[in-house]
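> predicted model and sequence follow; I will ask about them next.
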Amino acid sequence: MHLPPVGLGTMGIDDPDAIETALSLGYRHLDTARIYGNEAVVGDGLAASDADRDAVTVATKLWVDDLGAEDVAPTARESADLLGVETLDLLYVHRPRGAYDPAETLPALDRLIDDGRVDRVGVSNFEIDEIDRAIDALDAPLAAHQTELHPLFYRPELLEHAREHGYTVVAYSPLAGGRVSEIDPVVEVAKTHDATPEAVAIAWATAKEPVVAIPKASSERHLRANLAAVDLDLTPEETAAIDAVEREAELFPE
């Protein structure tokens, strides 16, 4: 699935103006979820924007309570209505927990694709064995795996699996919950490039195939900065220094 290097994570955004501003600046990937409670906000921002709807990927996620075979279709329809779209471009299983059953949930998602309600299917917060089971259970190709990825929490084996199986890795929380400014190698690289640690963290993540990032931002200044971060080119030595940071901080464990 082709996604721009930087999209917009919307968790916590409750103002449609932030969505409209992001779209006006060139964002073309909006990521939300049922559990965020803001699908209508994202939809209102999208409706107010002049952006070509066909050029914008709108993604949402089914929460663990919505994953029973009989719940998938009505919940997806409700999400589409809240978002103001006919078709959900990308629909994720948010976590493989609760009512999730690969043999029941994933065929229900396939049926949504067959009915034209959903374009692509993804998974989120899965382990490799769970991704393998999802790939086996789906008729449609797996489009994306959304996972926490930042300098303090990075699992190269997930990226290797994605490369082998041809799906995109969507990195959430790429700024480590605001902690990237405390990571010495990131700060040193930022000084070398006269950039911010946040820009370096996004550039580091999006330089890894096949990763795209969805940092959350609501102010125009931060939206612009995050979008521009992909223009920052890190040297192999700089990338290696950040790769070597001790992994210690998963922000959203089970």
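Yep, it's here.
> which one is residue 138 nearest to, not counting chain neighbours?
Leaving aside its chain neighbours, residue 138 sits nearest to residue 106 (5.0 Å; criterion: CB to CB, 6 or more residues apart in numbering). To be clear about C-beta, it is placed using only N, CA and C from the backbone, and glycine gets the same treatment.
> what about the one you found, neighbour count?
Residue 106 has 26 neighbours, counted by other CB atoms under 10 Å.
> same thing with the one 4 residues further on?
The burial metric for residue 110, expressed as a neighbour count using other CB under 10 Å, is 16.
> ok, now residue 1?
Using other CB under 10 Å: residue 1 sits among 20 other residues.
> quick check: it vs residue 120, distance?
Between residue 1 and residue 120 the distance is 6 Å, computed by CB to CB, to the nearest Å.
> alpha carbons of the helix with the most length in the chain, as PDB, please.
Longest helix of the chain, by residue count under DSSP state H: helix 69-83. C-alpha atoms of helix 69-83 as PDB (Å, rounded to 0.1, in the frame of the first residue of the first chain):
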ATOM      1  CA  ALA A  69     -17.800 -11.600  13.200                       C
ATOM      2  CA  GLU A  70     -21.300 -10.100  13.700                       C
ATOM      3  CA  ASP A  71     -20.000  -6.800  14.900                       C
ATOM      4  CA  VAL A  72     -17.400  -6.000  12.300                       C
ATOM      5  CA  ALA A  73     -19.700  -4.800   9.500                       C
ATOM      6  CA  PRO A  74     -22.100  -2.600  11.500                       C
ATOM      7  CA  THR A  75     -19.100  -1.000  13.400                       C
ATOM      8  CA  ALA A  76     -17.300  -0.300  10.200                       C
ATOM      9  CA  ARG A  77     -20.400   1.300   8.700                       C
ATOM     10  CA  GLU A  78     -20.700   3.500  11.800                       C
ATOM     11  CA  SER A  79     -17.100   4.500  11.500                       C
ATOM     12  CA  ALA A  80     -17.600   5.400   7.800                       C
ATOM     13  CA  ASP A  81     -20.700   7.500   8.700                       C
ATOM     14  CA  LEU A  82     -18.800   9.400  11.400                       C
ATOM     15  CA  LEU A  83     -15.900  10.000   9.100                       C
END
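> partner residues bridging the closest residue to residue 7 other than its chain neighbours?
Among residues not flanking residue 7 along the chain, residue 29 sits closest, at 2.9 Å (CB to CB, 6+ apart). Taking DSSP bridges as the rule, residue 29 bridges to residue 57.
> pairing partners for the helix or strand that contains residue 89, with directions?
Using DSSP states H and E, residue 89 maps to strand 88-93. Paired neighbours of strand 88-93 in the sheet (DSSP bridges): strand 57-62 (parallel), strand 118-124 (parallel).
> what residues does that strand touch?
If you take CB atoms under 8 Å, 6 or more residues apart in numbering as the criterion, strand 88-93 is touched by 1, 33, 56-62, 67, 76, 79-80, 100, 105-106, 109, 112, 117-124, 126, 134, 143-144, 146.
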